[in-house]
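In: sequence and predicted structure, then a few things I'm wondering about:
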Amino acid sequence: MKQTSKQILTMLAFVLPLFALFPAGFQAAHAQSVVTAIVTDPLTGIALGGLDPVSYFTETSPQQGKPDYEFIWKGAPWHFATAANRDIFKRHPEIYAPQFGGHGTTGIARGFLSDSDPRAYTVFKQRLYLFYSSANREAFLMAPDAAARAAAENWPALEKTLSTN
């Protein structure tokens, strides 16, 4: 244990000074570029984890999309359960895509970005909102008008920190 602690301290002594070589602005910009405007699955790169965005509005629960019915929008691939759903989305993606690029709505309402789970969602006033957890969804549903308004007010500033790729 003592040897491991010594090794860690030695590594830190070599690595930490390297951060001084880069200006603070460079470090912040580099860190921000990891989070993208459209939330995608980290393994597949597909929006909504491959779930069909139109199905949130037309089915009792979101349906798994198929790679055969793919459409690229805002730099992210979106999958659909049917060709008809893909075509509907193509005509009006802003209606069917999750608000705030799929980032967690409750976090945005509170002033910060968070991931979301495509299965923790609600459709409110004909718009799809995603959340980090079911607890965040329940917090949103306690005062949805106020939460949606706060998120909409905070989104422009938060969106400026996101990468488009």
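Out: Cool, got the structure. Numbering: from 1, shown residues only.
In: can you report how many residues neighbour the residue nearest to T44 when sequence neighbours are not counted?
Out: Leaving out its chain neighbours, the residue that sits closest to T44 by C-beta to C-beta, 6 or more residues apart in numbering is G50, at 6.7 Å. Backbone N, C-alpha and C define where each C-beta goes, glycine included. Counted with other C-beta atoms under 10 Å, residues neighbouring G50 total 21.
In: within the helices and strands, which one has F112?
Out: F112 is part of no helix or strand when elements are defined by DSSP states H and E.
In: pLDDT score for the spatially closest residue to it that is not a sequence neighbour?
Out: With sequence-adjacent residues excluded and distances taken as C-beta to C-beta, 6+ apart, F112 is closest to L158, at 7.5 Å. L158 is assigned 94 on the pLDDT scale.
In: re earlier: for the residue nearest to T44, what are its contacts?
Out: With contact taken as C-beta atoms under 8 Å, 6 or more residues apart in numbering, G50 is in contact with D41, T44, Q64, G65, H79.
In: please flag which of the residues you listed sit within strands.
Out: H79 (DSSP state E).
In: by neighbour count, which of the contacts of G50 wins?
Out: When the contacts of G50 are compared by neighbour count (other C-beta under 10 Å), G65 ends up highest, at 27 neighbours.
In: that residue touches D52, doesn't it?
Out: Yes - at 4.3 Å, G65 counts as touching D52 under the criterion of C-beta atoms under 8 Å.
In: could you tell me which residues touch both of these two?
Out: In contact with both G65 and D52: H79, F80, A81, using C-beta under 8 Å, 6+ apart.
In: what's opposite the second one in the beta bridge?
Out: Taking DSSP bridges, one finds K66 as the beta-bridge partners of F80.
In: that one - how many residues pack around it?
Out: 28.
In: show me the contacts for it.
Out: By C-beta under 8 Å, 6+ apart, the neighbours of F80 are D52, P53, V54, S55, G65, K66, Y69, E70, F71, R86, F89.
In: name the nearest residue to the last one, ignoring sequence neighbours.
Out: Spelled out, that is F89. Y96 is the one closest to F89 (C-beta to C-beta, 6+ apart), at 5.1 Å.
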